[in-house]
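In: Based on what follows, work out the 3D shape:
(one chain, ligands or ions: 2)
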Amino acid sequence: MMTNPHLKMQGLAKSYGTFVAVEDFSLDIAEGEFIAIMGPSGCGKTTTLRMLAGLETANRGEITLAGTRIDQLPVWERKTPLVWQSLALFPFMTVRENVEFGLKMHGVSRAERRRRADDWLERLGISDYADRNVARLSGGQRQRVALARSLVLEPKVLLLDEPLSALDAHMAIKMQGELKKLQRELGITFVYVTHSHSEAFSLADRVVIMNAGRVEQIGSPQDIFLRPRSKFVAQFVGGISLLEGKISGKKDDEWFLETRDGKVRLGHGCGLAEGETADLAEGETADLAVRADRISVTVGSGWGENEIACTLVSEEFAGAVVNLHLETASGRSLVAQLQQRDLEQLDASIGARVYASWHPDDGFLLESARTSGSEPRERAA
Ligand code: ADP
Ligand code: MG
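Out: Ligands and ions are numbered 1, 2, ... in the order given. Alright, predicted model coming up:
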């Protein structure tokens, strides 16, 4: 809980007929924070943003901006403009006319409009195109016009819905850097929707992971990357192996997980650091997660404490590292990430028998699997 959130969303819900697009969305955002909302297509990201912008009325819940309820206010009184994926510029207007449009709607004088629009065109490096029709711009230029059109209104919160998805990869990366810089300079709160991991993780102060109309996890990019709480988040973030089993212990202060592929020891990553009392119960089912970069692969056995015999299924090259896809005797998939030079020393070909091992402290138990059902929730109509 944040003491004085700038923007507060509490229990937002939105249905279309009997279909629940957003079931329950709550989030406190600090002033100047960069929030990314990420999740698979159809999970309710755009609907959430549209409720913030006032383009959609929530069925339930409250939105407060700087201490004032805004969920009943019309769009133009909210100071939360939305920058769309489609960019939705007015096609028959020039760049400057597009940027001036919102100010005109607010009754700003002609001279003042021009001054403010030109100032933003300058800041975003598109002054040279001021008199050009927007239809004749490149994707990157259109993106800048869309930003200028929103920023000229001096919003308190800028909402961006997949703003870079229409750009080619090179331009998207360039704009990522520019957006981050702009957000820092202006100190404006950004709520940024994306399905791209790299955008969310490189830009945001905090990332919200959504699944089927609900929030799965909120945390810093590092939190989410290192400590996904649920199976859904672990799978969505990727590069994590999951082993399901039953907790067994407690022998000499040690806890184990009995998996279909053998027994592995649980370590500090499972809340078992010295002095901690793990609330583990004998016989309870749990999912153990291990990051790909923490798994070692050897041809011979006996190298690691937690070791599982596997078949090497495939190798996937990703620059300096390579992901080895392994399959256990029970058919479970594991993934190990190796440095290129370690692979050269491994000397195992596809189909070979290998051993995956990790230090017990590098494993962590998913929280959701232990408190509720481990599968992503089905969406109730
Ligand atoms: P996302 O942006 O995460 O891809 P959306 O918020 O656009 O998802 O949509 C969430 C779900 O709500 C989707 O299944 C979508 O089909 C549905 N939906 C969105 N808008 C409407 C609408 N106006 N009428 C009916 N269903 C809608
Ligand atoms: Mg969307």
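In: CA atoms for contacts and neighbours, from now on please.
Out: Will do.
In: Low-confidence regions, this structure specifically.
Out: 1, 83-87, 251-252, 272-278, 368-381 (pLDDT under 70).
In: any idea where the helices of this structure begin and end?
Out: 45-53, 95-105, 110-123, 139-151, 169-186, 197-203, 221-226, 231-237, 340-346, 367-371 (DSSP state H).
In: what's the third one in contact with?
Out: Contact partners of helix 110-123, identified using C-alpha atoms under 8 Å, 6 or more residues apart in numbering, comprise 96, 99-100, 103-104, 127, 130, 145, 148-149, 151-152.
In: Repeat the analysis, applying 10 Å as the threshold.
Out: 95-104, 107-108, 124-130, 144-145, 147-153, 182 (C-alpha atoms under 10 Å, 6 or more residues apart in numbering).
In: Put the alpha carbons of it into CSV.
Out: Coordinates of each C-alpha in helix 110-123 appear next as CSV, following Å, rounded to 0.1, in the frame of the first residue of the first chain:
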residue,chain,number,x,y,z
ARG,A,110,-4.8,30.7,-31.6
ALA,A,111,-1.5,32.4,-30.8
GLU,A,112,-1.0,30.4,-27.6
ARG,A,113,-1.9,27.1,-29.4
ARG,A,114,0.7,27.7,-32.0
ARG,A,115,3.3,28.6,-29.5
ARG,A,116,2.7,25.5,-27.4
ALA,A,117,2.4,23.1,-30.4
ASP,A,118,5.6,24.5,-32.0
ASP,A,119,7.4,24.0,-28.7
TRP,A,120,6.5,20.3,-28.6
LEU,A,121,7.3,19.8,-32.3
GLU,A,122,10.7,21.2,-31.5
ARG,A,123,11.2,19.1,-28.4
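In: Please renumber the chain so that the first residue is 58 from this point on.
Out: Will do, 58 is the new start, and the previous item becomes helix 167-180.
In: list the buried ones in it?
Out: 170-171, 173-175, 177-178 (16 or more other C-alpha atoms under 10 Å).
In: got it, and the second one?
Out: Within helix 152-162, the residues scored as buried using 16+ other C-alpha under 10 Å are 152-160.
In: angle of it against helix 196-208?
Out: 20 degrees (axes from the mean of the first three to the mean of the last three C-alpha atoms, to 10 degrees).
In: Could you export helix 152-162 as PDB, CA atoms only?
Out: The C-alpha coordinates for helix 152-162 follow below in PDB (Å, rounded to 0.1, in the frame of the first residue of the first chain):
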ATOM      1  CA  VAL A 152       1.300  17.800 -38.200                       C
ATOM      2  CA  ARG A 153       0.800  21.100 -36.400                       C
ATOM      3  CA  GLU A 154      -3.000  21.100 -36.800                       C
ATOM      4  CA  ASN A 155      -3.000  17.600 -35.200                       C
ATOM      5  CA  VAL A 156      -1.000  18.800 -32.300                       C
ATOM      6  CA  GLU A 157      -3.100  22.000 -31.900                       C
ATOM      7  CA  PHE A 158      -6.400  20.100 -32.000                       C
ATOM      8  CA  GLY A 159      -6.800  19.300 -28.300                       C
ATOM      9  CA  LEU A 160      -5.900  22.800 -27.300                       C
ATOM     10  CA  LYS A 161      -8.500  24.200 -29.700                       C
ATOM     11  CA  MET A 162     -11.100  21.900 -28.000                       C
END
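In: Might one say that residue 156 is in contact with residue 203?
Out: Yes - with contact defined as C-alpha atoms under 10 Å, residue 156 counts as touching residue 203 (7.8 Å).
In: Name the residues contacting each of the two.
Out: residue 146.
In: related to what we said a few turns ago, mind putting the buried residues of helix 167-180 into TSV with distance to residue 292?
Out: TSV is the format used below for the buried residues of helix 167-180 (distance: C-alpha to C-alpha, whole Å):
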residue	distance to residue 292
170	48
171	49
173	46
174	44
175	46
177	41
178	42
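In: Please identify which two of the residues you listed are farthest apart in space.
Out: The distance between the two most remote of the buried residues of helix 167-180 (C-alpha to C-alpha) is 12.1 Å, for 170 and 178.
In: Excluding chain neighbours, what is closest to the one residue in the stretch 158-307 of the chain that gets nearest to ligand 1?
Out: Using C-alpha to the nearest ligand atom, the closest approach of the stretch 158-307 of the chain to ligand 1 is made by residue 270 at 7.2 Å. Computed as C-alpha to C-alpha, 6 or more residues apart in numbering, the closest residue to residue 270 that is not its neighbour in sequence is residue 79, at 4.0 Å.
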